[in-house]
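> Okay, sequence plus prediction incoming.
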Amino acid sequence: MLSALAVGACASDETRPADARAAAESSMVAGMVEDTTPPQAKPGFLAARTIDPGQISGEWAAVAGTCPEPPSLQILADGDSVGVLIVIAPDSGNPVTSYPIAVPDGHRPAPGTARMSVQRILYTGLAYAAGEGVVELSRFDRRVSGRLDVRLVDAITGRNMRYVGSFVNLRFAAWPAGFCALDPPPDSVAPDPIE
């Protein structure tokens, strides 16, 4: 009798009636609702996490700086093994607004857009660039605060993952020109032009 109960308890979903199987699947889906609330960062930090499984979640000290050429606000969080860079190109209006992600195309970001990249160093470097989403500024005076909800694209595999986060009360100042260069450097392996 015990062996019959054990076999009955271990029966696969294929032997259950269709209604019972559908009810079980429905309850499993209801339990897997994604939490898309960004983590709340401490003042002076950027906190972010993946919604999909990933290894680039955490909280890192962050700094911000403004650049006159090209006009931008840059936010940099640099941890032991993760680096996050957000570049926001404000337009002439109120900077406290939403900035849609612009995919890098070798040109400077257009006014009113943002770009974002994340790098994770494990045994090898893993690089991600935001392919879509938004960065929102909620404060831009002596300090800057905001949040992000973007879709990161793995540079090698093309795999997508949703990434949400916040940054709170980051002090900022004008950055030196070396920090502000967004134009791609010349290709060091390209042959010299023939003259």
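Perfect, I can see it now.
> Strands of the protein, start to end?
Secondary structure of the chain (DSSP state E): strands at 45-50, 58-68, 71-78, 82-89, 98-100, 113-121, 125-140, 143-154, 160-174.
> May I see the buried residues of the longest one?
Looking back up the chat, that one is strand 125-140. Leu126, Tyr128, Ala129, Ala130, Gly133, Val134, Val135, Glu136, Leu137, Phe140 (16 or more other CB atoms under 10 Å). Any C-beta I mention is one placed from the backbone N, CA and C, and that applies to glycine too.
> thought the last one was touching Pro95?
Read that as Phe140. Yes: contact status for Phe140 versus Pro95: in contact at 4.5 Å, counting by CB atoms under 8 Å.
> Give me the common contacts of these two.
In terms of CB atoms under 8 Å, 6 or more residues apart in numbering, Phe140 and Pro95 are both contacted by the residues Leu73.
> Distance from the chain centre to stretch 67-75, please.
Centroid separation for stretch 67-75 versus its chain: 20 Å, with CA atoms, centre = their mean, to the nearest Å.
> what are the bridge partners for the residue nearest to Gln40 when sequence neighbours are not counted, then?
Take Gln40 and drop its neighbours on the chain: the residue closest to it by CB to CB, 6 or more residues apart in numbering is Ser166, 5.9 Å away. Beta bridges link Ser166 to Ala47, Arg147, judged by DSSP bridges.
> ok, now which ones touch the spatially most central residue of the chain?
For the chain, the residue sitting closest to the mean C-alpha position, by CA atoms, centre = their mean, is Tyr163 at 4.0 Å. Residues in contact with Tyr163 (CB under 8 Å, 6+ apart) are 48-51, 56, 118, 128, 130, 133, 148-152.
> Give me the mean pLDDT for stretch 180-195.
The predicted model gives stretch 180-195 an average pLDDT of 48.
> do you know how far the residue nearest to the centre of the chain is from Thr36?
For Tyr163, the distance to Thr36 (CB to CB, to the nearest Å) stands at 11 Å.
> contacting residues around stretch 51-63?
For stretch 51-63, using CB under 8 Å, 6+ apart, the contacting residues are 34-36, 39, 41-42, 44-50, 75-79, 82, 84, 118, 120, 122, 126, 128, 152, 160-164, 167, 170-172.
> can you give me phi and psi for the closest residue to Gly65 other than its chain neighbours?
Among residues not flanking Gly65 along the chain, Trp175 sits closest, at 3.3 Å (CB to CB, 6+ apart). Main-chain dihedrals, Trp175, degrees, to the nearest 10: phi -90, psi 150.
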